[in-house]
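# Turn this into a structure:
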Amino acid sequence: MSTERASKARYVMAIDQGTTSSRTILYDAAGQLVSVAQREHRQFYPAAGQVEHDAVEIRKNVGNLVGRVIAKAGVSADQVVAIGIANQRETTVLWDRHTGRPIGNAIVWQDTRTEELVARLARRPEAAQVAARCGLPLLSYFAAPRIRWILDHHPGLRERAERGDILFGTMDSWLIWNLTGGVHVTDVTNAGRTMLMNLRTLDWDDELLEFFDIPRALLPEIRSNAEVYGHTEHGIPIAAALGDQQAALFGQTCFDAGEAKCTYGTGSFLLANTGTAPVHSEHGLLTTVAYRIGTDPARYALEGSMAATGTLVQWLRDRLELIGAAPEIETLASTVEDNGGCYVVPAFSGLFAPRWRAEARGVIAGLTSYITKGHLARAVLEATAWQTREVVDAMNADSGHPLTELRVDGGMTSNNLLMQQISDSLGVPVERPLYAETVSLGAAYAAGLAVGLWPDMTGLRRNRHTAGRWLPAMPAARRDSEYRRWSQAAGLTYNWTEPAEN
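The predicted model follows:
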């Protein structure tokens, strides 16, 4: 490429602020990855069930990565026409408006310290209206109980919040505030995971604020997913923000009702586009905003969250030390033809969708002297497949759009045996795109749309290329039999812990 052509090339940057690391990725106008920079951040576990991040560490990492990815690509900052942010959802940080210093560490989405508070709130008569207004069940998974917990555990903080001196944000708000020098906004997908946003008005709901006893003054302004929120110190527009799973749905170009994706990572998240009207689940799923582009009508989704998928492989590696690296599980599992009658249910911090059993704890069922580490490895992979199956069954029952194909992404999709197991468990094809990390791609797409780098969403579909496709090979009778046994094992996880009594 000539110097003249290079100087005219335009790029869009994605910031993918995840649970274990942050990274920046630069894409060209064809949606092709140009360069990437990444850095992990520390995980803090102050007590059982508690998970925290240092928000300042994350802010510094992201600031450094923005410059590094531009330098690595050999381009100038003025060639970057927009930045889009995708972030770990529900992770909660409060900070001082005047100093910018956080109030303690960020409380991570995996954290369960608010279970007692949620149990107390659930006994109030108004609790029945929470899901109807925000689309989410009353659970410790979401941000509102964390905000309330922080306010309750820092003397004098509530009064400061009511005066407007304290700000709340999920990680998108925290990063935008820092990158733009003080713009306090969030987007509809992250706001929709707080239990404080009305699902239909797409604004903060007064009744929900009263129920959780949270001052409106600390909340950011809710904006669409694709518009210019502000500019960095180098003049680059921050033009998109999406929760990471909605970003993956967008990156997979699931723009039509019935199209679904599942991102397989630390936890796994299956979202299905349901169109321009919210579908309230009767089978344990979450109703959430999929995306809103500018002033267009919002699109909605049903979501099923699985808390422990990649985490289960890490446990096999780090705690049991049966493998030395995560990719080795495929080799170990392939040493046997089946699970030998062994089933694993990874309820390390309870079961998420569609069961929602916070008190559940993991089990290994069906152990006999025949079981080897190969059988256990295979059962570990199958646990992800069967969790996917029960989420898809719930979606099919709720949505009116039976799944005909599942698009997959995330780090676990490099495991070909797992992808085949998922196809077998669902009885439908599974398709992996050329670029499996579609979270960052979705953020880039939204930012590019906001500034006109891409004229419309139809053109984005042409950027999508398939790298792998798996077809179901398991007989239906065996599929159903194996699923029944795994479900029986899942039932054994119930009632292992109980919230503390006041």
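# Now do the SS call for residue 211.
helix (DSSP: H, G, I helix; E, B strand; the rest coil).
# Could you give the number of residues near the closest residue to residue 427 other than its chain neighbours?
The shortest distance from residue 427 to any residue other than its chain neighbours is 4.9 Å, reached at residue 472 (C-beta to C-beta, 6 or more residues apart in numbering). C-beta coordinates here come from the backbone N, C-alpha and C atoms, glycine included. Per other C-beta atoms under 10 Å, the neighbour tally for residue 472 reads 17.
# Sticking with residue 472, tell me its helix or strand.
Assigned by DSSP states H and E, residue 472 falls within no helix or strand.
# That one reaches residue 422, doesn't it?
No. If you go by C-beta atoms under 8 Å, residue 472 and residue 422 don't touch, sitting 9.4 Å apart.
# Now for the two: what residues contact both?
Common contact partners of residue 472 and residue 422 (C-beta atoms under 8 Å, 6 or more residues apart in numbering): none.
# on that earlier part again, which ones are touching the residue nearest to residue 427?
Going by C-beta under 8 Å, 6+ apart, residue 472 touches 423, 424, 426, 427, 428, 429, 479.
# okay, those residues in TSV with secondary structure and neighbour count next?
Putting the contacts of residue 472 into TSV (DSSP: H, G, I helix; E, B strand; the rest coil; neighbours: other C-beta atoms under 10 Å) gives the following:
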residue	secondary structure	neighbour count
423	helix	24
424	helix	21
426	helix	22
427	coil	15
428	coil	18
429	coil	14
479	helix	16
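# The residue nearest to residue 427 and residue 485, how far apart?
According to C-beta to C-beta, to the nearest Å, residue 472 and residue 485 sit 18 Å apart.
# Could you look up the next helix or strand downstream of the helix or strand of the chain with the lowest mean pLDDT?
Every helix and strand of the chain was ranked by mean pLDDT, DSSP states H and E. The lowest is helix 3-8, at a mean of 49. Going down the chain from helix 3-8, the next helix or strand is strand 11-17, by DSSP H and E.
# returning to what we had before: between which two of the contacts of residue 472 is the distance greatest?
Farthest apart among the contacts of residue 472 by C-beta to C-beta are 429 and 479. That separation is 14.6 Å.
# Tell me if residue 485 really is in a strand.
No. Using three-state DSSP, the assignment for residue 485 is helix, not a strand.
# which ones are touching the closest residue to it other than its chain neighbours?
Excluding its sequence neighbours, the residue lying closest to residue 485 (C-beta to C-beta, 6+ apart) is residue 343, at 5.9 Å. Contact partners of residue 343, counting by C-beta under 8 Å, 6+ apart, are 364, 365, 366, 379, 382, 383, 485, 486, 489.
# How about residue 440?
So residue 440 contacts 14, 15, 16, 23, 25, 86, 247, 251 (C-beta under 8 Å, 6+ apart).
# So which of those residues is the closest to residue 295?
Nearest member of the contacts of residue 440 to residue 295, counting by C-beta to C-beta, is residue 247, at 20.0 Å.
# Quick check: the closest one touching residue 437?
No. Applying C-beta under 8 Å as the test, residue 247 and residue 437 come out as separate, 10.4 Å apart.
# more neighbours, the two?
A count of neighbours by other C-beta under 10 Å puts residue 247 above the other of residue 247 and residue 437, at 32 against 22.
# what element comes up after the helix or strand where the more buried one lies heading to the C-terminus?
Using DSSP H and E, residue 247 falls within helix 244-251. Of the helices and strands lying after helix 244-251 in sequence (DSSP H and E), the nearest is strand 260-264.
# and that following strand with helix 244-251, angle?
Strand 260-264 runs at 130 degrees relative to helix 244-251, counting by axes from the mean of the first three to the mean of the last three C-alpha atoms, to 10 degrees.
# So for strand 260-264, mean pLDDT?
The average of the pLDDT scores along strand 260-264 is 94.
# Give me the residues contacting that strand.
244-245, 248-249, 252, 254, 268-273, 309-310, 384, 388, 395, 403, 405-413, 418, 438-439.
# who does that strand pair up with?
Sheet pairing for strand 260-264, assigned by DSSP bridges, gives strand 268-275 (antiparallel), strand 406-409 (parallel).
# How far does the first one sit from its chain's centre?
A distance of 11 Å separates the centroid of the chain from that of strand 268-275, by C-alpha atoms, centre = their mean, to the nearest Å.
# The nearest residue to residue 136 once chain neighbours are set aside: what's it in contact with?
Closest residue to residue 136 apart from its sequence neighbours, by C-beta to C-beta, 6+ apart: residue 195 at 5.3 Å. Taking C-beta under 8 Å, 6+ apart, we find residue 195 in contact with 130, 134, 136, 138, 142, 143, 144, 145, 208, 212.
# Tell me the secondary structure of the closest residue to the last one other than its chain neighbours, please.
When you say that, I think you mean residue 212. Spatial nearest neighbour of residue 212, chain neighbours left out: residue 144 (4.7 Å); criterion: C-beta to C-beta, 6+ apart. Using three-state DSSP, the structure places residue 144 in helix.
# wouldn't residue 144 be in contact with residue 214 here?
Yes. Contact criterion C-beta under 8 Å: residue 144 and residue 214 qualify, at 6.5 Å.
# Need the overlap of contacts for the two.
Contacts common to residue 144 and residue 214, judged by C-beta under 8 Å, 6+ apart, are residue 196.
# can you give me the offset of the lengthiest helix in the chain from its chain's centre?
Scanning the chain for the longest helix, with DSSP state H as the assignment, gives helix 373-399. Helix 373-399 sits 18 Å away from the centroid of its parent chain (C-alpha atoms, centre = their mean).
# could we number from 817 for the rest of this?
Yep, numbering from 817; the last one is helix 1189-1215 now.
# helices or strands up against it?
The contact analysis (3 or more C-beta pairs under 8 Å, 6 or more residues apart in numbering; DSSP states H and E) places helix 1189-1215 against strand 1076-1080, strand 1084-1091, strand 1115-1122, helix 1126-1134, helix 1144-1149, strand 1159-1161, helix 1232-1242, helix 1292-1307.
# Sketch out the low-pLDDT regions of the chain for me.
817-823, 1314-1318 (pLDDT under 70).
# if we go to 80?
Within the chain, the stretches with pLDDT under 80 are 817-824, 1251-1253, 1280, 1313-1318.
# that older thread, reformat the strands paired with strand 1076-1080 as JSON lines; add mean neighbour count and distance to residue 967.
JSON lines is the format used below for these (neighbours: other C-beta atoms under 10 Å; distance: least, C-beta to C-beta, whole Å):
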{"stretch": "strand 1084-1091", "mean neighbour count": "25", "distance to residue 967": "28"}
{"stretch": "strand 1222-1225", "mean neighbour count": "25", "distance to residue 967": "36"}
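# ok so residue 974 is a strand residue?
No. The assignment for residue 974, made by three-state DSSP, is helix rather than a strand.
# Could you check how far the closest residue to it other than its chain neighbours is from residue 1033?
Spatial nearest neighbour of residue 974, excluding adjacent residues (C-beta to C-beta, 6+ apart): residue 967 at 4.8 Å. Distance check for residue 967 against residue 1033: by C-beta to C-beta, it reads 12 Å.
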